[in-house]
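Asker: only the shape, not the letters, is given here:
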């Protein structure tokens, strides 16, 4: 008797699981399998996809990543003032590192490794590094150093432009 009850319970659960899956045909011909009625699934899919369709095709995934994953990590803090604060602080640190390295070079003491100066630049201190190169004339002639420095600057400008564009191009899709 117990075995029959187990079989009946398994059949009932399987029937419920099969009944819960809906096969919905979208207007573009794509089949969507969902546990929601087709009208609700279509509206939810439209909410999640339609906003990113306005972005260029190469940036749709980046826009979705920004709005759905990265921006919520900021916990309501605006991205642009936060970036300005990071760039300002790292620029001060980088400028001081350049100045210290220049003074140690003049005195013949152990220098700051170039990799460390580049690390400060990568972390947002490149404006301070550029200012130091111009004001105290340090690290402004060595071609290999300048090549890496300007690659870092280009990377930062591209990323800052992308963040600026993502924060001003539109709001994330609403979930309600």
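Answerer: Now that the structure is in, tell me what you want to look at. These numbers were taken from a predicted model, which means no experiment stands behind them. Numbering: from 1, shown residues only.

Asker: quick check: residue 158 is in a strand.
Answerer: No - per DSSP: H, G, I helix; E, B strand; the rest coil, residue 158 lies outside any strand segment and is helix.

Asker: distance check, it against residue 74.
Answerer: Noted for residue 158: a distance of 20 Å to residue 74, by C-beta to C-beta, to the nearest Å. (Each C-beta comes from the backbone N, C-alpha and C, glycine too.)

Asker: likewise residue 154?
Answerer: In terms of C-beta to C-beta, residue 154 sits 25 Å off from residue 74.

Asker: same question for residue 68.
Answerer: 13 Å.

Asker: return the helix or strand in the protein with minimum mean pLDDT.
Answerer: Lowest by mean pLDDT, DSSP states H and E among the helices and strands of the chain is helix 38-50, with a mean of 52.

Asker: elements contacting the longest helix along the chain?
Answerer: Ranked by residue count, the top helix of the chain under DSSP state H comes out as helix 79-107. In this structure, helix 79-107 makes packing contacts with helix 114-120, helix 126-135, helix 143-169, judged by 3 or more C-beta pairs under 8 Å, 6 or more residues apart in numbering; DSSP states H and E.

Asker: what angle separates that helix from helix 126-135?
Answerer: If you take axes from the mean of the first three to the mean of the last three C-alpha atoms, to 10 degrees, helix 79-107 sits at 40 degrees to helix 126-135.

Asker: mind listing what's buried along the following helix or strand past the least confident helix or strand of the chain?
Answerer: Where DSSP states H and E defines the elements, the next helix or strand beyond helix 38-50 is helix 60-65. By 16 or more other C-beta atoms under 10 Å, the buried positions in helix 60-65 come out as 62, 63, 64.

Asker: cool, and stretch 79-91?
Answerer: Going by 16+ other C-beta under 10 Å, stretch 79-91 has these buried residues: 83, 87, 90, 91.
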